[in-house]
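J.: what follows is a predicted structure for the sequence shown.
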Amino acid sequence: MKVRTYLALSCLIAVSGLALVGCAKKVDKAPPAKTTTTGAGAAVTADADVEKPITEVQAQAQTMSVADLRSTAVQYQQAISAKQVDLQKVWAQVKEIPITDALGEKAKSLKTEAQKIESSVKALTDRFQVYYNKLKEKGGDLSGLTK
């Protein structure tokens, strides 16, 4: 009976600690990836930028050609894929941490890093969706792009 109580109490403490650690929110200040694409005779700089406001992304998408929309959507999709790979690596490191060290500094920093990457993936996905929807609206080629 004592072992069961001790185990339940330990699990409760661990879950509470993880919930507290998981609530920290920091902004990832990594520089945006920039590429230049050409279409309709003009060069367009497209940023896979998580900090660009959605309204600015929507305004930019309104003026882009179909080729530029596709190119930008592909760029965002590649950035999302790269971030997801990074996220999987971080979560793999978290899983390797012994349960006795789950509340340690290393675990906290890895979880904070994972949260940064997750928020970055969400922001990239939101911006990708703007370009994807505009490309679909203009009747562009959606092959190879996942919604």
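T.: Nice, I can see it.
J.: okay, strands next: where are they in this structure?
T.: 33-39, 42-48 (DSSP state E).
J.: now the weakest link among those strands, please, by mean pLDDT.
T.: For the strands of the chain, the weakest mean pLDDT is recorded on strand 33-39, namely a mean of 37.
J.: for this protein, give me the ranges with low pLDDT.
T.: Low-confidence segments of the chain (pLDDT under 70): 1-47, 147.
J.: rerun that using 80 as the cut-off
T.: The model of the chain has pLDDT under 80 over residues 1-49, 100, 102, 146-147.
J.: all helices for it, in order.
T.: Taking DSSP state H, the helices of the chain run over residues 2-21, 54-63, 66-96, 105-137.
J.: dump those to CSV, plus mean neighbour count and distance to G144.
T.: For glycine as for every other residue, the C-beta is placed from the backbone atoms N, C-alpha and C. Listed next are the helices of the chain as CSV, based on neighbours: other Cβ atoms under 10 Å; distance: least, Cβ to Cβ, whole Å:
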stretch, mean neighbour count, distance to G144
helix 2-21, 11, 38
helix 54-63, 14, 19
helix 66-96, 17, 7
helix 105-137, 18, 11
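J.: for S143, which of those is the nearest?
T.: helix 66-96 (9.6 Å; Cβ to Cβ).
J.: does anything pack onto the closest one? Which helices or strands?
T.: For helix 66-96, the packing partners by 3 or more Cβ pairs under 8 Å, 6 or more residues apart in numbering; DSSP states H and E come out as strand 33-39, strand 42-48, helix 105-137.
J.: so who does G140 touch?
T.: V66, L69, R70 (Cβ atoms under 8 Å, 6 or more residues apart in numbering).
J.: and R70, by the same measure?
T.: L135, G140, D141, L145.
J.: closest to Q77 among those?
T.: Within these, the smallest distance to Q77 is 6.1 Å, found for L145 (Cβ to Cβ).
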